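# With the input below, show me the fold.
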Amino acid sequence: MTQAFLKCGRFRLSVQQGRRPLVMGILNVTPDSFSDGGRHQRLDMALTHAEQMIADGVDIIDIGGESTRPGIAPLSLEEELERVLPVIYALRDCGKPLSLDTYKPAVMREALLAEVDMINDINGFRAEGAIEAVRDSEAGLCVMHMQGQPQTMQQAPQYHDVVGEVEAFLQRQVDLMRQAGIARERICIDPGFGFGKTVEHNLALLKNTRRLIRQLGLPLLAGMSRKSMIGAVTGKPLERRMAGSIGAALVAAQQGAMIIRVHDVAETVDALTMWQAGREDA
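Presented below is the predicted three-dimensional model:
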């Protein structure tokens, strides 16, 4: 049975099936993210965007200091910290859980000292020292699947059974975290849409979201907002993918995803609220 709440630092978030999924708003403080790079790079711009997301009904704010779009070069530790720490310190009393999107253990440690509530790791806490960096905190932990590295992950992704392989990876990493003493209530999973996957792989994972939730018994985060899979299915360029992204969010919600990571907070909150109101079992 899937757990009913997620422990995220100072917050206890309800992720019980049957409720409206939580909306995680993306706050990229980068010059080169695929969708909104450079728009919120300055601290004042980032804070203004965060305030707007809060007004729009966001449930979690996910701060990212390093772009992980396909082909991007890695960012130095120092530069990532310079980007994200001022934002964390400025927002930690905003009344919403703060998540940090990072795969570097040293960044995780510094962010936890700054009282970030969640660590969202695209590398699934595989880096040496990553599990140790978060083990003794109270932060929520999102374990994501990625095949390869951002520099090369989309060149030729291959699987024999994408759903089975993603499920096995997530189970293995969750088991390692549990063996390290991390409470189950702190963990959620992410199949990693677009991270080392073709459009067909992404769609197979979306259609099998409920299976992943059932097999692992953990809340699932779905992040498809504006990604190339939306463009491939709808034929729309990046700037016209909002409707497709909301459609994907609704499919994920119907499949049982309890956290939806998006750029367009207000529109997604409204769509999920209407979806929830119209459910036969609501």
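# how about the CA coordinates for the top helix by length along the chain, as CSV?
The residue-count maximum for a helix in the chain (DSSP state H) belongs to helix 162-179. C-alpha atoms of helix 162-179 as CSV (Å, rounded to 0.1, in the frame of the first residue of the first chain):
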residue,chain,number,x,y,z
VAL,A,162,12.1,0.0,-20.0
VAL,A,163,9.4,-0.3,-17.4
GLY,A,164,11.0,-3.3,-15.8
GLU,A,165,14.5,-1.8,-15.8
VAL,A,166,13.3,1.5,-14.4
GLU,A,167,11.4,-0.3,-11.7
ALA,A,168,14.4,-2.5,-10.8
PHE,A,169,16.7,0.5,-10.6
LEU,A,170,14.3,2.5,-8.4
GLN,A,171,13.8,-0.5,-6.1
ARG,A,172,17.5,-1.1,-5.8
GLN,A,173,18.2,2.5,-4.8
VAL,A,174,15.3,2.7,-2.4
ASP,A,175,16.6,-0.5,-0.7
LEU,A,176,20.1,1.0,-0.4
MET,A,177,18.6,4.1,1.3
ARG,A,178,16.4,2.0,3.6
GLN,A,179,19.5,-0.1,4.6
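# what about the helices in the stretch 151-282 of the chain?
Using DSSP state H, counting those that start in this stretch, the helices of the stretch 151-282 of the chain run over residues 162-179, 199-207, 209-216, 228-234, 242-254, 265-277.
# would you turn those into a markdown table with distance to Ser14?
Using the backbone N, CA and C atoms, a C-beta is placed for each residue, glycine as well. As requested, the helices of the stretch 151-282 of the chain are arranged in a markdown table below (distance: least, C-beta to C-beta, whole Å):
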| stretch | distance to Ser14 |
| --- | --- |
| helix 162-179 | 21 |
| helix 199-207 | 23 |
| helix 209-216 | 16 |
| helix 228-234 | 28 |
| helix 242-254 | 15 |
| helix 265-277 | 13 |
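# OK, contacts around Pro157?
Gln147, Gly148, Gly196, Lys197, Thr198, His201 (C-beta atoms under 8 Å, 6 or more residues apart in numbering).
# right, and the third one touches Gln155 too?
What it means is Gly196. No - Gly196 is beyond contact range of Gln155, at 9.2 Å (criterion: C-beta atoms under 8 Å).
# quick one: which helix or strand includes Met24?
When elements are assigned from DSSP states H and E, Met24 belongs to strand 22-28.
# what about Cys188, distance to Ala139?
Cys188 sits 12 Å away from Ala139, taking C-beta to C-beta, to the nearest Å as the criterion.
# no, scratch that, I was asking about Pro31
In this structure, Pro31 and Ala139 are separated by 27 Å, where distance is defined by C-beta to C-beta.
# Which residue, other than its chain neighbours, is closest to Lys197?
If the residues on either side of it in the chain are set aside, Lys197 comes closest to Pro157, at 5.3 Å by C-beta to C-beta, 6 or more residues apart in numbering.
# Please read the previous query as pertaining to Asp62.
Asp62's closest residue in space is Ser99 (C-beta to C-beta, 6+ apart), at 4.3 Å.
# Please apply the same query to Val84.
By the measure of C-beta to C-beta, 6+ apart, the closest residue to Val84 outside its immediate chain neighbours is Gly65, 3.9 Å from it.
# likewise Ala130?
On the basis of C-beta to C-beta, 6+ apart, the spatially nearest residue to Ala130 that is not a chain neighbour turns out to be Pro105, at 4.8 Å.
# can you check Leu22 too?
Per C-beta to C-beta, 6+ apart, closest to Leu22 is Asp59, 4.0 Å.
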